[in-house]
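Give the three-dimensional model of this entry:
(2 chains)
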Amino acid sequence: MGDQVTKSGKTGMQNVLVVDNHPLMLKFMSNLLGKQGYEVLTASDGISAIEVLQTTPIDIFFVDLVMPNISGEKLCRIIRSMPEFQDAFLVVMSAIAAEEKLQVEDCQADMVIAKSPFDRMSSHVLRIIKDLEQGRAADLKGRVLGSDEIYEREITKELLASKKHYEITLDHISEGFLELIENNRIVYANQAAIAILGVHEEELLSADFMTLFRPEDHRRLAECLEMTGSSQQHAALDEAAMVNNKLVELKFVPIRDEGQDSIVVILSDVTHQKHLEAQLQRAQKMEAVGTLAGGVAHDLNNILSGIVSYPDLLLMQIPEDSDLRDPIMTMRDSGKKAVTIVQDLLTLARRGVAEIEPVNLNEIIEQYLKSPECQKLRSYHPLVDMRCRLGADLLNIMGSPVHLSKTVMNLISNAAEAITHEGTITVESHNCYVDRPINGYETVAEGEYICLKISDTGSGMSATDLEHIFEPFYTKKKMGRSGTGLGMAVVWGTVRDHHGYIDIKSQTGGGTTVTLYFPATRKIRDAEEVMPLDDYMGSGELLLVVDDGKEQREITSGMLTALGYTVETVPSGEAAMEFLRQQSVDLIVLDMIMDPGMDGLDTYRKIIESRADQKALIVSGYSETERILEAQKLGAGAFLKKPFTLDKLGQAVKKELKMT
Amino acid sequence: MTLRLEDAMDLKELADRLGLAEDEYADLIRLFIDTSSVELENLKSAISDKARTEASAIVHSLKGAALNMRLKEFSETAREMETAIRSSQWQAADQFTQQFSELLEELIWAIR
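From the prediction side, this is the model:
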């Protein structure tokens, strides 16, 4: 560009910059003003003019309107945006601008002289110079000199109109457009490009395109520019580049021109699209893992029924001072731990939320903070300060207290383990209304929520870790201390089961904040009915256990017998129908999922055809399903999730038998 | 007042009318010839490609320079070119371009 800028006149005088693409005009103005003792610099286009501005103080500008690359109008705005030229005197040289005064005001010039024969222009220019020398700049402001002698300008109007037409079109499309000339200098940017890049037009024009991007993207960008510039081929960036905190896809199109070749860069902001794609991929991955985990967990769940349930039966049958009590209790406790893992897996499989009831999250948090588990956690992290800010009048959510408690526990445990030495964990809750979707880790839909926010001042996570944080067994925690390796996966599954959303913000070295949004409800809890042990002992009532699992039949039968009931068992719905044709029973304990043959719902439908008031309890290894709800609508009683304990089974049976 | 080409022989008079010294005017005329020659070549190419916007921009520049210099025959020929290009009469535009080229040859000869 250097050869497009020339300088004449004496040093020490006021500096004038003339910008015009015609050498004749530059020569004329240079001679005229040079003879008046001015230091005259000339530039043949906007880019060259901006280069001059970066090194030389200018007092007076004469700027043509129709120029290649950056137009005179935009150049004027750029000049005015530079603090050092706020007070410079700016003259537009254009016949069309002389007529269309508004355009000049828009570009913040001081005045206009119409282009005309040189003798006429001389007199206008000299008059301006004289007035300025005599301190009469104010008299010139807004003046238009030579409008009476402007020559025909249809084509000028047409050129400007054509340019404007394209600019208006380009300013109303969503893709960003940049035009680059040699040395990757930007000479045009539409409104979308300005918005995507987050840089003012005045700063963008003449800037080096590469400086807008992170150094790590430069090589890829340079390859595309090289391909487009040298080979005149279209090119596209292989992956979106990060600019202005946005993911932007770039395409490069060569423009061959007689005067100067250029490259048009098309920018598409794909941040939202990529965000949605990532969300979908995460959801699909978690669903796949959940399906696998669910299959495994279901089989394990049935096996564990024996380990968890038999110890209770054995303990009822052996003396209080028996040496066998301790080993049996250890067996029972180990079985319960195994059940915990299986429950985690079932939660992940999103089949785990058995009991949905109105829950107050503040109570869940308070209970956890007082629990032995939390005390143990504090003992591991004595320098971690745990703060609690629970919102007043917190609305309830419909949820499973067990799973929500586990979620709180997992998040606080993770927060504690992220703090290597001293630090703070803050647990907050509040009611919140989301009036427009929040785009975070997930997109939180509009609605009324209870927000649970757990933040820590710990080591934080990289973006890569954040991507995998909810995957099962993706953990950086200490082995042996951190449970099942399913902690965050359980959080994910629980939030999903509660129709909630997760937002997570973390930065390496900058701590982590996890915010959960649970839909609020105004339902309140029923007073919990506590039944003493003696109250759920049976009195010889006849119960029929219908279950396709031999082990499960034996367990349930054993428990009910121990509770004082008379128990018969059958392995299928069909066998149950056969049994009931011969004999009536007080209550049926009906497994929901049986294979082959009729499942629990179909069996219950058949039973009530002949015994409309037949009482029944539904049991299943899975959470409440549509089929269970359907059976309950038909008249079946409570749903009991396997594996169940003696007291749970006893209470449920007693409650059902009492119902009229 | 715009001078016709036949008047342009008297460089001093032309320079006076533009308020310029004779040598200064001569410099500008030479510059006019040089830039117009290049632009004419570009114009011929644009007309051949029927590139209306590009041709219009070049004619705009040629006409402006001629008017600045008060060269009436040049500016009138440029105006004819402009009309032809606007209405996509490419053959006529080509003829006027040739005419402008001939005027330029005459001017080169005149200032020699």
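
Look up how far A:Leu601 lies from the residue in the stretch 551-660 of chain A that chain B sits nearest to.
As assessed by C-beta to the nearest C-beta, chain B sits closest to A:Glu626 within the stretch 551-660 of chain A, at 66.8 Å. Where C-beta positions appear, they are placed from N, C-alpha and C, glycine not excepted. A:Glu626 sits at a distance of 9 Å from A:Leu601 (criterion: C-beta to C-beta, to the nearest Å).

Who has more neighbours out of these two?
Using other C-beta atoms under 10 Å in any protein chain shown as the criterion, A:Glu626 and A:Leu601 rank with A:Leu601 on top: 23 against 8.

got a pLDDT number for that one?
On pLDDT, A:Leu601 comes in at 92.

Please apply the same query to B:Thr35.
Predicted confidence (pLDDT) for B:Thr35: 94.

coming back round to it: how about the residue of the stretch 551-660 of chain A closest to chain B, phi and psi?
The phi/psi pair for A:Glu626 (degrees, to the nearest 10) reads phi -60, psi -40.

for A:Gly558, same thing?
For A:Gly558, the backbone dihedrals (degrees, to the nearest 10) come out as phi -60, psi -40.

Count residues in the vicinity of it, would you?
Using other C-beta under 10 Å, A:Gly558 is surrounded by 18 other residues.

and chain B, which residues reach chain A?
Within reach of chain A by C-beta under 8 Å from any C-beta of the partner chain, chain B has these residues: B:2, B:17-20, B:24, B:27-28, B:31-32, B:34-35, B:42, B:45-46, B:53-54, B:56-57, B:59-61, B:63-65, B:67-70, B:75, B:79, B:82, B:86.

Try it again at 7 Å.
B:17-19, B:24, B:27-28, B:31-32, B:35, B:42, B:45, B:53-54, B:56-57, B:59-61, B:64-65, B:67-70, B:79, B:82 (C-beta under 7 Å from any C-beta of the partner chain).

Now a PyMOL select for only the buried ones of these.
Buried residues within the residues of chain B next to chain A, by 16 or more other C-beta atoms under 10 Å in any protein chain shown, are selected in PyMOL with:
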select buried, chain B and resi 17+18+19+24+28+31+32+35+42+54+56+57+59+60+61+64+65+67+68+69+70+79+82
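
Quick check: next helix or strand after the top helix by length along chain B?
The residue-count maximum for a helix in chain B (DSSP state H) belongs to helix B:22-48. The element immediately downstream of helix B:22-48 (helix or strand, assigned by DSSP states H and E) is helix B:52-68.

Run the chain-centre distance for that following helix.
Centroid separation for helix B:52-68 versus its chain: 9 Å, with C-alpha atoms, centre = their mean, to the nearest Å.

now stretch A:22-37
59 Å.

Please apply the same query to stretch A:42-52.
Taking C-alpha atoms, centre = their mean, the mean C-alpha location of stretch A:42-52 is offset from the chain mean by 44 Å.

ok, that stretch near chain B or not?
No - Stretch A:42-52 stays clear of chain B (C-beta under 7 Å from any C-beta), getting no nearer than 11.2 Å.

quick one: contacts of that stretch?
A:1, A:4-6, A:17-19, A:21, A:26, A:30, A:41, A:67-70, A:74-75, A:78, A:181, A:185, A:187, A:206 (C-beta atoms under 7 Å, 6 or more residues apart in numbering or on different chains).

Next SSE downstream of the longest helix anywhere in chain A?
As assigned by DSSP H, the longest helix anywhere in chain A is helix A:271-317. Sequence-wise, the next helix or strand downstream of helix A:271-317 (DSSP H and E) is helix A:325-348.

other SSEs contacting the next helix or strand after that following helix?
As assigned by DSSP H and E, the chain's next helix or strand after helix A:325-348 is strand A:357-359. Counting contacts by 3 or more C-beta pairs under 7 Å, 6 or more residues apart in numbering or on different chains; DSSP states H and E, strand A:357-359 packs against strand A:396-399.

Tell me the helices and strands packed up against the strand it packs on.
Strand A:396-399 packs on strand A:357-359, strand A:512-521, going by 3+ C-beta pairs under 7 Å, 6+ apart.

can you list the ones you listed in CSV and add mean pLDDT and mean neighbour count?
CSV is the format used below for the helices and strands packed on strand A:396-399 (pLDDT from 0 to 100; neighbours: other C-beta atoms under 10 Å in any protein chain shown):
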stretch, mean pLDDT, mean neighbour count
strand A:357-359, 86, 18
strand A:512-521, 92, 21
